[in-house]
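> Okay, structure incoming, though there's no sequence with it:
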């Protein structure tokens, strides 16, 4: 493994103490949507920020910055996204080294960077339809997500957090993109899909699916998934379940955004005026 | 009007406040920002702590793994700190591998760990020459508003106090390691180093706990790390305006006072999570 | 333990023999090789030169320091030392006289036998002098080691550094003998640090005298 000169190194190889103390969580209602905690506007240095926590333990922090000068001048030709003269959305997804149960991935390793790049591309795919890029020609909007703890459904939480952060930054959007994850347990012979799987369930799953929906417009912005899911009806069932979950999560996100705006308003208006 | 003046002449704007012995956010020159600490929030890590120093937010996660000890120190484990300043904490940092400031901070934390002997590396040894613990301490800044070194040292200390290591024994006959997850022991923390940072203005004034704006306008910084026996673990003055020995002594005295405040805070938090 | 008088008298002139050679490289605008005992560092200075867009500062010159170890690629420790050196040099170089330019200082470690950081500091100062950059003061680096009995050893060798309880490095400026840079390894008490500082300031006198003699010698020949 090539030596990373920009970080302090420990020993060449280390293993985690054996710890698959899999808490086989008992059978649960596959359609139960566990509570989600969302809060916007908590970082001082970013223009918009959001923190989403799922009850499985997934914690995602996301920051967004409004229109900036684009790095390259070429806005209309091959410079990705939007076509025409629209703006560009640049996404970044990072996992903290302590976020996963099990071995600590070497930050900066090739596998790690590859996974982060894929997740960032998925994030961008999910967010682009929601943002009015045409309003920001030749500009760059940046979104940066950090996964602090992975308790399952990390990408879905990141999508929700990122759209909250963009909205908090004041970027014009058509709608919030809400993310929802499903997985199919190989143990269940009926092949039921579980909504918002925990980390252990996701690991054991035979097939996984992540959806991003724009609820008010009822349009799906991204579908990512794969595995042995069974016949097409089963996938259709999963999609319906996921879309339903997204619709149910939407009010929570809207509430948190409203609260953040009220807080910001109260902070800026001097009392008594 | 004031904001316009601040944008055009930030240094003059700041000097007006300093003349009245206070700062734009209302603090005295020797006053710290509100410090809060939250322990054990990341359950996938063996120990974690989130520290907020005003707006500056730093999270430290400790993961413990096992490895063979180095050949020349067969009875010592490893502690590997790494400070990350991701692009989400501030616009001044780009995404990608750690930049100069992150690397310098990592080296500083490694030096503090080494100098203060916060954990004796011999305590991390499981079997001499065969197996030892490796503690990966990853410190990530979530919000950069100055004084990153103080917050990082505090987060590291709080996270290490929170670490529970499963007991590992080596089976004599088979030579394999056996891990008992039910029985967990906390780490033995020998010393409690606390860092205090100062910014130097106009070669003369010393300001405690600078924010990011103050750090940009300052002509130098000093960081003093003390432990509970009032010994100096580190004096870190990376260039900047020169200081006399007397001024340095003032910094150290202030750092010793700060140590007591921080120690009280850590003790309070540790006690509050004890009945687990 | 008697850290007082006896240690002071012994520490008086316990610096290893040092020497300096200036202007030995033809390409850089200034160069110097500083040798302290068996530790030697070569410094090359380029500047004021053109600066790349993003690093340009409209008010002052941008200083960049590159420290290359003797073997291997520069790692995190070198980055940290580069930051120390850069900010020390920034404090003395009158950057406001050369806005929108870049000054690059490259240090190559030729051999390391203890007190490496102070040797780098001295080499950097001599390099700055050789390049003719405007400086507000000169500076020199002094390393002190506190051994197990608490006696102060100036300019320690590698062996003395490893056996010492604490190693402190100071950069002292020439005008008022104030501390420009301080960094410590190991732990010590506050009084011990102050004593080391006083010893370092006294040793700095010897080094500044050497700078003066070296400059006299150089310019009297040509």
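Yep, it's here. Remember, predicted model here, so these are calculated numbers, not experimental data. Numbers count the residues shown, from 1 in each chain, chains lettered A, B, ... in the order given.
> need the residues of chain C near chain B, please.
Within reach of chain B by Cβ under 8 Å from any Cβ of the partner chain, chain C has these residues: C:76-77, C:79-80, C:82-91, C:137, C:166, C:168, C:171, C:173, C:176, C:178-190, C:193-194, C:197-198, C:201. (Glycine included, C-beta is placed from N, CA and C.)
> go again using 7 Å as the cut-off
Contact residues, chain C versus chain B (Cβ under 7 Å from any Cβ of the partner chain): C:76-77, C:79-80, C:83-84, C:86-88, C:90-91, C:173, C:178-190, C:193-194, C:197.
> what number of residues lie near the residue nearest to residue C:126 when sequence neighbours are not counted?
The shortest distance from residue C:126 to any non-neighbouring residue, by Cβ to Cβ, 6 or more residues apart in numbering or on different chains, is to residue C:32 (3.6 Å). Per other Cβ atoms under 10 Å in any protein chain shown, the neighbour tally for residue C:32 reads 27.
> still on that earlier bit, let's see which of the residues of chain C next to chain B end up in helices.
C:76-77, C:79-80, C:83-84, C:86-88, C:90-91, C:190, C:193-194, C:197 (DSSP state H).
> rewinding a little: put the buried members of the residues of chain C next to chain B into a ChimeraX selection.
Applying 16 or more other Cβ atoms under 10 Å in any protein chain shown to these, the buried members can be selected in ChimeraX as follows:
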select /C:76,77,79,80,83,84,86,87,88,90,91,173,178,179,180,181,182,183,184,185,186,187,188,189,190,193,197
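> Looks like the residue nearest to residue C:126 contacts residue C:44 (just checking).
No. Residue C:32 is beyond contact range of residue C:44, at 8.5 Å (criterion: Cβ atoms under 7 Å).
> Which residues are in contact with each of the two?
Common contact partners of residue C:32 and residue C:44 (Cβ atoms under 7 Å, 6 or more residues apart in numbering or on different chains): residue C:127.
> Of all the residues in the stretch 151-276 of chain B, which one is nearest chain C?
Chain C sits closest to residue B:239 of the stretch 151-276 of chain B, with a gap of 2.7 Å, by Cβ to the nearest Cβ.
> who touches the strand or helix carrying the residue nearest to residue C:126?
Secondary structure assignment for residue C:32, by DSSP states H and E: strand C:30-36. Residues from elsewhere that reach strand C:30-36 (Cβ under 7 Å, 6+ apart): C:16, C:18-25, C:40-45, C:115, C:119, C:122-123, C:126-128, C:130-132, C:155.
> for the next helix or strand after that strand, packing partners?
Proceeding N to C from strand C:30-36, the next assigned helix or strand is strand C:39-49, under DSSP H and E. In terms of contacts (3 or more Cβ pairs under 7 Å, 6 or more residues apart in numbering or on different chains; DSSP states H and E), strand C:39-49 is packed against strand C:30-36, strand C:102-111, helix C:116-131.
> So what pairs up with the residue nearest to residue C:126 in the strands?
Using DSSP bridges, the beta-bridge partners of residue C:32 come out as residue C:22, residue C:43.
> the residue most distant from the middle of chain B, which is it?
What lies farthest from the middle of chain B is residue B:173; by Cα atoms, centre = their mean that is 42.8 Å.
> mind checking which helix or strand it is in?
Residue B:173 belongs to no helix or strand, assigned by DSSP H and E.
> same check, this time on residue C:133
For residue C:133, there is no host helix or strand (DSSP H and E).
> ditto for residue C:149
Going by DSSP H and E, residue C:149 is not part of any helix or strand.
> count of neighbours near it?
By the measure other Cβ under 10 Å, the count of residues near residue C:149 is 10.
> That one and residue C:163, how far apart?
From residue C:149 across to residue C:163, the span is 11 Å (Cβ to Cβ, to the nearest Å).
> Now do the contacts for the residue farthest from the centre of chain B.
Counting by Cβ under 7 Å, 6+ apart, residue B:173 touches no other residue.
> and the worst-scoring helix or strand of chain B on mean pLDDT, which strands flank it?
Lowest mean confidence among the helices and strands of chain B (mean pLDDT, DSSP states H and E): strand B:177-186, at a mean of 78. Here strand B:177-186 has these sheet partners by DSSP bridges: strand B:164-170 (antiparallel).
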